[in-house]
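Peer 1: return a 3D structure for these sequence lines:
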Amino acid sequence: MPQKAWNAKRERQYEHIKEGVLERGESEDVAEEIAARTVNKERARAGEAKESSRLSKEDISSSRRGGLRSHKGAQGRTRDQLYEEAKDRNIKGRSSMTKAELQRAVDK
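Peer 2: Residues are numbered from 1 along each chain as shown. Here you go, the predicted model:
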């Protein structure tokens, strides 16, 4: 899944993260997704990306966060991540839902 916009450093970073996630027992697809998202976030934080979200630039760094919120981490996904998934699934009423309500809605 490495992208054309990534330089050699980012390619190595992607492979390193992917290998680590695979060693934790996650599937190939999940490992690729986590690695790609992490590399893209680091690119955004370093100013290498043409477009980036406010959260990517202002949130704590991926390495410091250490997967606290990735997928099934300590507290699960953030409300924003759940909201985006609800938006992708076209769940009605998502804008007024709490994190717990969003979690139940996307888990259905």
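Peer 1: so for the chain, the centremost residue is which one?
Peer 2: residue 37 (4.7 Å; CA atoms, centre = their mean).
Peer 1: next, that residue: secondary structure please.
Peer 2: What DSSP: H, G, I helix; E, B strand; the rest coil gives for residue 37 is helix.
Peer 1: pLDDT-wise, which helix or strand of this structure ranks last?
Peer 2: When the helices and strands of the chain are scored by mean pLDDT, DSSP states H and E, helix 62-65 comes last with a mean of 65.
Peer 1: buried residues, the helix or strand just after it. List them.
Peer 2: Sequence-wise, the next helix or strand downstream of helix 62-65 (DSSP states H and E) is helix 79-88. For helix 79-88, the neighbour count (16 or more other CB atoms under 10 Å) marks 81-83, 85-86 as buried. Backbone N, C-alpha and C define where each C-beta goes, glycine included.
Peer 1: where does pLDDT dip in this protein?
Peer 2: Applying pLDDT under 70 to the chain picks out residues 1-4, 53, 55-75.
Peer 1: next, work out how far apart residue 31 and residue 17 are.
Peer 2: 8 Å (CB to CB, to the nearest Å).
Peer 1: let me know the closest of the buried residues of helix 79-88 to residue 13.
Peer 2: residue 81 (21.6 Å; CB to CB).
Peer 1: ok, so what distance separates the closest one from residue 48?
Peer 2: 23 Å.
Peer 1: could you do residue 6 as well?
Peer 2: Residue 6 is 9 Å from residue 48, by CB to CB.
Peer 1: also residue 5?
Peer 2: 8 Å.
Peer 1: could you check which of the two has the larger neighbour count?
Peer 2: residue 48 (16 against 11; other CB atoms under 10 Å).
Peer 1: OK, contacts around that one?
Peer 2: Applying CB atoms under 8 Å, 6 or more residues apart in numbering, we find residue 48 in contact with 5, 7, 10.
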